[in-house]
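> Quick one: sequence plus predicted model below, questions after.
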Number of protein chains: 2
Amino acid sequence: MTENARPAVVLLSGGMDSAVVLAIARAQGFEGHALSVRYGQRHSVELDAAAAVARALGAAAHKVVDVDLRAIGGSALTADIAVPEFPAAGIPVTYVPARNTIMLALALGWAEVLGAQDLFVGVNAVDYSGYPDCRPAFVEAFERLANLATRAGVEGRRLRVHAPLLALSKADIVRRGIELGVDFSATVSCYQADSRGRACGRCDACRLRAQGFVEAGVADPTRYA
Amino acid sequence: MTENARPAVVLLSGGMDSAVVLAIARAQGFEGHALSVRYGQRHSVELDAAAAVARALGAAAHKVVDVDLRAIGGSALTADIAVPEFPAAGIPVTYVPARNTIMLALALGWAEVLGAQDLFVGVNAVDYSGYPDCRPAFVEAFERLANLATRAGVEGRRLRVHAPLLALSKADIVRRGIELGVDFSATVSCYQADSRGRACGRCDACRLRAQGFVEAGVADPTRYA
């Protein structure tokens, strides 16, 4: 990191995608300010993983914001709905309503405090599991909003929302991470990992992840229960 | 309320503006689902006021979502910065970074869970205190985002963001509230109200509010410390 590195806020979940995003932001010369959101999700071991990833990839800071989405319910990840073991058609029950909008809004708040003009988010339109807020049009609309919502926008300092994984396959993400030295064994993708961060190997997130390693021709370092 | 009233999510702070918004939503035939956000603000007596207002105006539900914005700091309302007693030029220190973006994002999440297509927010561009996220362009940009971010948008059910106070003066808001039977004595606008909800009478929010009653020619029911 150079002394004059510009700050960027990077949403970091503890999963593999956002770890690669943080590595990309760092490789582009940004000072990484990692933000994790504890939204009442079942898989809180992800947050321990996020802290480890932030440290390993040289983030300048790592903050956790608490948002208790259990008050509004509506997802298998925050309410008492079983996580399915077989992929379903359409938007899955693991979709957290407006999650990426909420997380980007929090990232935007921190960016304003830091004077950062760059937000990084690991949304992905290829293996996006049917979530509406993982599409290019969503990212563009949020960037437009960000420039109207903030002090930076009022003062003419343009904000950018970077979604460097948008057009990558899971295998591409694995390859990019390996190039940038990401230690995937520290990341947790499973929707129902155990208290030691070991994956179930059966949920949608586990299937997508495992397939990514297979297609990239890279040994899968995931710890399974 | 009719049996077939459509649900709407109404952001309710406990202040006077959002109370009038809830009354307007109800007058338009919506079933009001009031959402308050506890964001680590100093003036938590506002939330008691919000609960009282929700009850008095016949909201179908009132939920409080916790978001701890103290983690990211940056405002006199959430950090250890003194609330000023004299209006300053530009964006004031009481501005909470990205606050309306965050609150609308949470409202959007609840709307998805409820199947509601209507969000109501009390932003106001006339007496807006210099906050960037109280402008018409911000509201339009959020509505556009909402339709891209959600299940409703994917399925073609259009979401609308209503900001019925956008072009009203504080005096207009007082008059509209009186017409609709809003009990303003239950509302708290002060940035530093005491534990019994009594206003300081000196901060920007108190000044704007008091001036609204004067200009509307209505006796000010505010309880001052």
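Everything's here; your move. Numbering: from 1, shown residues only, chains lettered A, B, ... in the order given.

> from here on, contacts and neighbour counts on C-alpha atoms
OK.

> so where's the longest strand in chain A?
The longest strand of chain A (DSSP state E) is strand A:31-38.

> what does it contact?
Residues from elsewhere that reach strand A:31-38 (Cα atoms under 8 Å, 6 or more residues apart in numbering or on different chains): A:1, A:5-13, A:22, A:25-26, A:44, A:47, A:50, A:54, A:58-68, A:103, A:107.

> For that strand, give the mean pLDDT please.
For strand A:31-38, mean pLDDT is 95.

> Confirm that A:V218 lies within a strand, as I assumed.
No. In this structure, A:V218 is coil, not part of a strand, as judged by DSSP: H, G, I helix; E, B strand; the rest coil.

> ok, so what distance separates it from chain B?
Separation of A:V218 from chain B (Cα to the nearest Cα, to the nearest Å): 33 Å.

> Show me which residues of chain A are close to chain B?
A:63-69, A:71-74, A:91, A:96-99, A:101-102, A:105-106, A:108-110, A:112-113, A:132-133, A:137-138, A:141-142, A:144-145, A:148-151, A:154 (Cα under 8 Å from any Cα of the partner chain).

> if you set the cut-off to 6 Å instead, what comes out?
A:66-68, A:72, A:74, A:97-98, A:101-102, A:105, A:109-110, A:113, A:132-133, A:138, A:141, A:145, A:148-150 (Cα under 6 Å from any Cα of the partner chain).

> A:A8 belongs to a strand?
Yes. Assessed by three-state DSSP, A:A8 belongs to a strand.

> Could you count how many residues lie near it?
Neighbour count for A:A8, taken as other Cα atoms under 10 Å in any protein chain shown: 29.

> A:A49 contacts A:G14, doesn't it?
Yes. Counting by Cα atoms under 6 Å, A:A49 does reach A:G14; the two are 4.7 Å apart.

> okay, and the common contacts of those two?
Listed contacts common to A:A49 and A:G14 are A:T187; contacts here mean Cα atoms under 6 Å, 6 or more residues apart in numbering or on different chains.

> Would you mind writing the CA trace of stretch A:101-114 as CSV?
Below are the C-alpha coordinates for stretch A:101-114, written out as CSV (Å, rounded to 0.1, in the frame of the first residue of the first chain):
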residue,chain,number,x,y,z
THR,A,101,-29.4,-2.4,-0.9
ILE,A,102,-29.0,-2.3,2.9
MET,A,103,-25.4,-3.4,2.9
LEU,A,104,-24.4,-0.9,0.2
ALA,A,105,-26.3,1.9,2.1
LEU,A,106,-24.2,1.1,5.2
ALA,A,107,-21.0,1.1,3.1
LEU,A,108,-22.1,4.4,1.6
GLY,A,109,-22.5,5.9,5.1
TRP,A,110,-19.0,4.8,6.1
ALA,A,111,-17.6,6.0,2.8
GLU,A,112,-18.9,9.5,3.6
VAL,A,113,-17.3,9.4,7.0
LEU,A,114,-14.0,8.4,5.5
